[in-house]
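Undergrad: Let me see the structure of the following:
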Amino acid sequence: MLVDLLELFYCKPIYDNFEELAYEIFKKKVTATELLSRGSFWLMRYDFVFEFPRPVMPNMAFIGGINCVQKKKLSQVDILHDVEMQFPNI
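TA: Prediction:
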């Protein structure tokens, strides 16, 4: 109930332009809430290397890496020094 009340005050000014556009396209009066409540959009966290192929519908978007941390610069490491430390007898 509270959400419906807040929707009148906050969403109505924002969605008025969209409702006019929807009226031009559909030729009938439709509110933005009705449009948004009937739509579905799937966000797929999907890696093509590790997953089996699956069909993709038009309402799906791939968002790989959504939970990855920010990348850091690689440190300058002497690889030859690391190998010598691991295998001193070579």
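Undergrad: mean confidence score for the strand or helix carrying Met85?
TA: Taking DSSP states H and E as the definition, one finds Met85 inside helix 79-86. Average pLDDT, helix 79-86: 70.
Undergrad: Show me the shaky parts of this protein.
TA: 1, 65-69, 74, 76-82, 90 (pLDDT under 70).
Undergrad: how does it divide into domains?
TA: According to the TED database, the chain comprises the domains 1-38, 41-89.
Undergrad: most tightly surrounded among those?
TA: Comparing the domains of the chain by mean neighbour count (mean count of other CB atoms under 10 Å), domain 1-38 ranks first with a mean of 11. C-beta here means a position set from N, CA and C on the backbone, and glycine is covered the same way.
Undergrad: Wait, Phe18 touches Thr31, no?
TA: No - under the criterion of CB atoms under 8 Å, Phe18 is not in contact with Thr31, lying 9.4 Å apart.
Undergrad: Show me where the chain has its strands.
TA: Listed in chain order, the strands of the chain (DSSP state E) span 42-44, 60-62.
Undergrad: will you turn those strands into a markdown table that also has distance to Glu7?
TA: Output for the strands of the chain, formatted as a markdown table (distance: least, CB to CB, whole Å):
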| stretch | distance to Glu7 |
| --- | --- |
| strand 42-44 | 24 |
| strand 60-62 | 26 |
